[in-house]
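Trainee: Provided below for reference: sequence and predicted model.
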Amino acid sequence: MVTEVDHELCLRCGGCVITCPFNCIFLKDKITITNCKSCGKCLKACPVRALHEK
Amino acid sequence: MKNKFDVVVVGAGPAGSFFSTHLAKAGFDVLMLDRRREIGIPVRCGEGVGIPVFEMSGIKPHTDWAYTVKESHLIAKSGARAKFPSSKPGWVVERRVFDKLLALKALDAGANLLTGTTVTGYQKGKVVAESFHNKQEFTGKLVIAADGIESYIARMAGLCKSMNPHDLDSCFQYEMKGVQMEYLHCLEAYLGSMAPRGYVWIFPKADDRANVGLGVAGDDPLPAKAYLDAFIKTREDLKTASITQVSSGNISVSKPIERLVDDQLMVIGTAARQVSPIHGGGIQDAIQAAKIAAEVAIKALEADDVSKKRLMPYQTAWFEKHGNLQILQYKLMNAMAHFTDEDFDYYLRNFKVEYLDKMWQTDGIPQLLKLMMARRPNLKSIMSGLLS
C-alpha cells in the first residue's frame, strides 16, 4: 500500500509534508510522494482528506 | 544571475521578507527564494493582523486591502458571548497584498528575489533550487530557513523532525460575501464542539464579507472541511452567502523547535514553529523572531563569524522573550482541549479580560491552570500533570 494524492481535492497546504516522519512528501507546485512507507500519519492531517492509501 | 550571496533566505513570507529587509539595509547581499509563483498565494491564513506587526514592519494598512477591527467576541455553543474591546485596533488583511508589500520592502532595501523557485537540497551554506526544470546552486555565508510549516531546511539540517498530527491544527476556510453581520468591525471566535480543540473564526474583511474558517486538532477523526460545512449549515447569516475563496492550511500549535541555529543557519518563523498555540496566529511571532535573528546575523556577518556559537544569542534571546511563554501556552492549550461546551459556557459567562492577559504572561498561565482545576475537579490529575 502507498499513499496517493487526489490533486482535485488538494489545496497544497503542506500539512502532510510536515507530518511525514520519513520526509517522503514534497510540495513544489503540487504534492509529490516518493518511497511511501504507508505509516498513515499524513492522512488525518489533511483538512480535506485528499490523501488515501491504495 | 550570480550564485554567491552573503545571505540566502528560503521563503518570502513575513519572517523571510522582514529579515531580508534588515540585512539588505545593513548592506549585505541578500537572495530570497520562494517556492510560490506569486508571493502570498495560496493564502493559508485567517488574515487577522495586530497593530504591532504594522508598527514593526512599517507597512501602512490601506482600506482597499485591510479592514479595521475594534473588538473581539468569544462565543460558546450556548450563545454565551464574552465581548472585549481591542486596546489598539487590529486589521483583517488580504495576505496576498500584505505579504507582497513586505517582500517589496526587502527589494527596495536592495535584496534579490526569485519566485517559483523551490529549494530541493540543502547543505551547510548551500542550497539547490529548482525553477522551470532548471537546477541552480546558491551559496550563502548564512542560510535562513523561513520556509514555513513544511520546515524543509530545518529537517534537512537535523534541527527538527516531522510533527505529530496532534500538534497541528488542521484548518479550512471560506471567504464569504453577503454575510449578514450582527456586529461590525468585530472578530468572532466560537469555542466548543463545533471545532474540537480549535475554534471557528469569523474575521470580517468588509461590512458584508468575512473569512469564515476553523481549525481542529490534526488527529481529529473528521476533516476540518466537514466541521466547517456543518457549522455554516447552522447559521442563517451564512447560508446564502457566496464563497469567494477557499483555502486550507495546517497551523503549528506546538512547542517551538529546540534548536534554532546551527553553523551558517538560522530558523525563523513558522519553520521554527514560532506560533502561539493559543490563537494559532504566527505573523507577529514571525516578525519578532526575524527581528532578533536579524540583529544577531548582522553582528555575526560583520565579524565574519557565522558559527553556531556566534548565532546562538538569537536562540537564547528568543526563548527568553517568547519561547518559554510559548511552551507554557502549549500546556494551556492541551488543558483547554478537555473543555466541554458547558465549560466554555461557564467561562465565557464569567469572563474577565485579565484571563486573556494572563495567557501572555509566564507567571499568569500557572494561575489560569489552577483556576481551571478549581472549576473542574475531574480534570485535576491532568492539570496538575501540566503544572509540573
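Mentor: Sure thing, it's come through.
Trainee: OK, contacts around the residue nearest the centre of chain A?
Mentor: In chain A, the centroid-proximal residue (Cα atoms, centre = their mean) is residue A:16; its distance is 4.6 Å. By Cβ atoms under 8 Å, 6 or more residues apart in numbering or on different chains, the residues touching residue A:16 are A:25, A:31, A:42, A:45, A:46, A:51. Using the backbone N, CA and C atoms, a C-beta is placed for each residue, glycine as well.
Trainee: try it again at 6 Å.
Mentor: By Cβ atoms under 6 Å, 6 or more residues apart in numbering or on different chains, the contact set of residue A:16 is A:25, A:42, A:45, A:46, A:51.
Trainee: could you do residue B:174 as well?
Mentor: Taking Cβ under 6 Å, 6+ apart as the criterion, residue B:174 is in contact with B:212, B:243, B:246.
Trainee: strands - which of the residues you listed land there?
Mentor: Within these, residues falling in strands by DSSP state E are B:212, B:243, B:246.
Trainee: nearest to residue B:151, of these?
Mentor: Of all the ones in strands among the contacts of residue B:174, residue B:151 sits closest to residue B:246, with 24.9 Å by Cβ to Cβ.
Trainee: partners of the closest one in the sheet?
Mentor: residue B:174 (DSSP bridges).
Trainee: could you do residue B:114 as well?
Mentor: residue B:33.
Trainee: does it touch residue B:33 like I think?
Mentor: Yes - if you go by Cβ atoms under 6 Å, residue B:114 and residue B:33 touch, sitting 5.3 Å apart.
Trainee: those two: who's more crowded?
Mentor: Neighbours per residue (other Cβ atoms under 10 Å in any protein chain shown) separate residue B:114 from residue B:33, with residue B:33 holding more: 25 against 15.
Trainee: quick one: buried residues of stretch B:180-197?
Mentor: B:181, B:185-192, B:194-197 (16 or more other Cβ atoms under 10 Å in any protein chain shown).
Trainee: near chain A, which of these show up?
Mentor: Among those, none lies close to chain A by the criterion of Cβ under 6 Å from any Cβ of the partner chain.
Trainee: of all those, which comes closest to chain A?
Mentor: residue B:195 (12.0 Å; Cβ to the nearest Cβ).
Trainee: and the contacts of residue A:16, which is closest to residue B:9?
Mentor: residue A:25 (23.4 Å).
Trainee: give the bridge partners for that closest one, please.
Mentor: Going by DSSP bridges, residue A:25 forms beta bridges with residue A:33.
Trainee: for the lowest-mean-pLDDT helix or strand in chain A, packing partners?
Mentor: Least confident helix or strand of chain A, by mean pLDDT, DSSP states H and E, is helix A:41-45 with a mean of 86. Applying 3 or more Cβ pairs under 6 Å, 6 or more residues apart in numbering or on different chains; DSSP states H and E, we find helix A:41-45 packed against helix A:15-19.
Trainee: please save the CA atoms from the helix it packs on in PDB.
Mentor: Only the C-alpha atoms of helix A:15-19 are listed here, as PDB (Å, rounded to 0.1, in the frame of the first residue of the first chain):
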ATOM      1  CA  GLY A  15       0.200  19.600   6.400                       C
ATOM      2  CA  CYS A  16       1.100  16.200   5.000                       C
ATOM      3  CA  VAL A  17       4.600  17.300   4.300                       C
ATOM      4  CA  ILE A  18       5.500  18.100   7.900                       C
ATOM      5  CA  THR A  19       3.700  15.100   9.400                       C
END
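Trainee: re the thing from before, which among the contacts of residue A:16 gets closest to residue B:142?
Mentor: Nearest member of the contacts of residue A:16 to residue B:142, counting by Cβ to Cβ, is residue A:25, at 27.7 Å.
Trainee: spit out the contact partners of the closest one.
Mentor: A:16, A:17, A:33.
Trainee: show me how to select, in PyMOL, the buried members of the contacts of residue B:174.
Mentor: In PyMOL, this line selects whichever of the contacts of residue B:174 come out buried by 16+ other Cβ under 10 Å:
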select buried, chain B and resi 212
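Trainee: and of the contacts of residue B:174, the nearest to residue B:336?
Mentor: residue B:212 (22.1 Å).
Trainee: let me know the pLDDT of the closest one.
Mentor: pLDDT, residue B:212: 97.
Trainee: could you list the contact residues of chain B toward chain A?
Mentor: Looking at chain A, the residues of chain B close enough under Cβ under 6 Å from any Cβ are B:44, B:118, B:149-150, B:162-163, B:165, B:168, B:170-172, B:218-219, B:223-225, B:248-250.
Trainee: recalculate using a threshold of 7 Å.
Mentor: Within chain B, the positions adjacent to chain A are B:35, B:42, B:44, B:118, B:148-151, B:155, B:161-163, B:165, B:168, B:170-172, B:218-219, B:223-225, B:246-250 by Cβ under 7 Å from any Cβ of the partner chain.
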